[in-house]
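Asker: my questions concern the predicted model and sequence given below.
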Amino acid sequence: MTTATARLDLRLELRDKDRIAKAAALRGMPISSFVRDAVLREADAAIAADTVVTLSEAESRRFLDALDAPFHPNARLKKAMESAARLTQR
């Protein structure tokens, strides 16, 4: 059995609470477990939607071509790499 470590209070319309209670009863779950599971599912979906990037076929091809292309650092990056190398050689 898990122990609750944080509390979340929520104000609802009575009809919304009744709907939630009915749905929880249909699943054979306590209301708090039903709400926790539903909210965590929605949180995971929101986080995934914000962290997943979907590319079109053309964008995907350009991205893969860029990964396959040889690396050519520009002048600023070369200077930064030289500075970093000097710092790490001490």
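Answerer: Structure received.
Asker: so the residue nearest in space to the middle of the chain is in which element?
Answerer: Centrality entry for the chain: nearest residue to the mean C-alpha point is residue 47, 3.1 Å, by C-alpha atoms, centre = their mean. Secondary structure assignment for residue 47, by DSSP states H and E: helix 31-51.
Asker: repeat for residue 76
Answerer: Counting by DSSP H and E, residue 76 is found in helix 75-88.
Asker: which residues sit against that helix?
Answerer: Defining contact as C-beta atoms under 8 Å, 6 or more residues apart in numbering, one finds that helix 75-88 is touched by residue 73. Using the backbone N, CA and C atoms, a C-beta is placed for each residue, glycine as well.
Asker: buried ones in that helix, by neighbour count?
Answerer: Within helix 75-88, no residue qualifies as buried by neighbour count (16 or more other C-beta atoms under 10 Å).
Asker: one step back: so which elements touch the helix holding residue 47?
Answerer: For helix 31-51, the packing partners by 3 or more C-beta pairs under 8 Å, 6 or more residues apart in numbering; DSSP states H and E come out as helix 14-27.
Asker: orientation of the helix it packs on relative to helix 31-51 in degrees?
Answerer: Orientation check (axes from the mean of the first three to the mean of the last three C-alpha atoms, to 10 degrees): helix 14-27 against helix 31-51 gives 100 degrees.
Asker: can I get helix 14-27 as CSV, trimmed to CA atoms?
Answerer: C-alpha atoms of helix 14-27 as CSV (Å, rounded to 0.1, in the frame of the first residue of the first chain):
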residue,chain,number,x,y,z
LEU,A,14,-21.8,19.0,-7.2
ARG,A,15,-22.9,17.5,-10.5
ASP,A,16,-19.2,17.1,-11.5
LYS,A,17,-18.4,15.3,-8.3
ASP,A,18,-21.4,13.1,-8.8
ARG,A,19,-20.2,12.2,-12.3
ILE,A,20,-16.7,11.4,-11.0
ALA,A,21,-18.1,9.3,-8.1
LYS,A,22,-20.3,7.3,-10.6
ALA,A,23,-17.3,6.7,-12.9
ALA,A,24,-15.1,5.6,-10.0
ALA,A,25,-17.8,3.3,-8.8
LEU,A,26,-18.1,1.8,-12.3
ARG,A,27,-14.4,1.1,-12.2
